[in-house]
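>>> Structure of the sequence below:
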Amino acid sequence: MTKKAPPENSIMLNEVAAKEMLAAAGIPVVVTKLARTKAEAAALSREIGFPVVLKIVSPDVVHKSDIGGVKVGLANLTQVERAYGEIMAAVKKAQPAACIEGVSVQAMARPGIEVIVGMNRDAQFGPVLMFGLGGVTVEVYRDVTFRLVPVVRQDAAEMIREIKGYPLLTGYRGQPPADVAYLEKLLVKVSGFIEKNPRIRELDINPLIAYPDGAVAADARILLDA
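Alright, predicted model coming up:
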């Protein structure tokens, strides 16, 4: 799902708030905190535990990594403090007028298979759930599938198996398989979350990192009706 600036009459939750909302609904997320200063970023990194990831938090910055707004694998306080300064400088250079709320500080998620779970609210049909390969590949391959909400377990199973990249989830070339049954349950849970929150206009969980023993949302975006 292509990220874009939020439309009028809407509220874009920052990454920290979006993850808090998902976590409250029982959807697993990487623990993420908001730092407004370099000192806060250092303190939160120590609290969360290294290595950590820093990402710019701004409603005006859509593609964070494209402008130097993301730093990964930070292993100590010196690297965190340096990364904070580099992120701020890069964003201010690329988008001088951007409203900057701070940076998100989160634990570095272990590697897995990156998928995407998303939702758009269609004017005629209502909420439509999306599943596919995630990360940076989503806008290149567009390997995604859709179902109307509510989604039941059978729908979720079909969605996962419809994408061309499904073999990647089953242990392609000796790689460990993802827990497909867990992904099916998670899609149903996201569907229920959407039904209970009719103000949600758009949802992006990308990447959702799938593992042999579950999955976790590494990044999230929620757009609400104002």
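
>>> quick one, domains of the protein?
Annotated domains of the chain cover 31-107, 113-225 [automatic domain parsing].

>>> mind putting the ones you listed in TSV, mean pLDDT, mean neighbour count and distance to V16 included?
In short, each C-beta sits where N, CA and C put it, glycine included. Shown next, in TSV, are the domains of the chain (pLDDT from 0 to 100; neighbours: other CB atoms under 10 Å; distance: least, CB to CB, whole Å):
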stretch	mean pLDDT	mean neighbour count	distance to V16
domain 31-107	97	17	5
domain 113-225	95	18	9
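
>>> Of all these, which one comes closest to S10?
Comparison of these against S10 by CB to CB identifies domain 113-225 as nearest, at 5.3 Å.

>>> Can you measure across that closest one, start residue to end residue?
Length of domain 113-225, first residue to last, CA to CA, to the nearest Å: 32 Å.

>>> centre of the chain versus it, how much separation?
Domain 113-225 sits 11 Å away from the centroid of its parent chain (CA atoms, centre = their mean, to the nearest Å).

>>> I'd like the domains of the chain as JSON lines, with distance to A17 appended.
Converted to JSON lines, the domains of the chain look like this (distance: least, CB to CB, whole Å):
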{"stretch": "domain 31-107", "distance to A17": "9"}
{"stretch": "domain 113-225", "distance to A17": "8"}
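
>>> Tell me which of those approaches A18 most closely.
So among the domains of the chain, domain 113-225 is nearest, using CB to CB, at 4.2 Å.

>>> Could you pull out the strands in the chain for me?
Using DSSP state E, the strands of the chain run over 10-13, 32-35, 52-57, 70-74, 102-107, 113-122, 126-133, 144-148, 200-211, 214-217, 220-225.

>>> Output the contacting helices and strands for the second one.
Other helices and strands packing on strand 32-35, by 3 or more CB pairs under 8 Å, 6 or more residues apart in numbering; DSSP states H and E, are helix 15-24, helix 38-48, strand 102-107.

>>> and the residue lying closest to I113 once chain neighbours are set aside, what does it touch?
Of all residues not flanking I113 in the chain, A210 sits nearest, at 4.5 Å (CB to CB, 6 or more residues apart in numbering). A210 makes contact with 112-115, 169, 178-179, 182-183, according to CB atoms under 8 Å, 6 or more residues apart in numbering.

>>> ok, A220 touching D204?
Yes. Counting by CB atoms under 8 Å, A220 touches D204, with 6.7 Å between them.

>>> Contact partners for the residue nearest to G134 when sequence neighbours are not counted?
Counting by CB to CB, 6+ apart, the nearest residue to G134 once its immediate chain neighbours are dropped is I116, at 3.5 Å. The neighbourhood of I116, defined by CB under 8 Å, 6+ apart, consists of 1, 130-135, 138, 144, 204-208.

>>> give me that answer again for 6 Å
I116 makes contacts with 132, 134, 138, 206, as judged by CB atoms under 6 Å, 6 or more residues apart in numbering.

>>> So A226 is in contact with E8, correct?
No. Taking CB atoms under 6 Å as the definition, A226 is not a contact partner of E8, at 8.3 Å.

>>> which of these two has more neighbours?
Legend: neighbour count by other CB atoms under 10 Å for A226 and E8, higher for A226 (10 against 5).

>>> Now do the contacts for the more buried one.
Residues near A226 by CB under 6 Å, 6+ apart: 9-11.

>>> For the residues you listed, give me JSON lines that also has distance to R36, pLDDT and neighbour count.
Output for those, formatted as JSON lines (distance: CB to CB, whole Å; pLDDT from 0 to 100; neighbours: other CB atoms under 10 Å):
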{"residue": "N9", "distance to R36": "28", "pLDDT": "85", "neighbour count": "8"}
{"residue": "S10", "distance to R36": "24", "pLDDT": "89", "neighbour count": "13"}
{"residue": "I11", "distance to R36": "20", "pLDDT": "93", "neighbour count": "14"}
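
>>> Perfect, that will be all.
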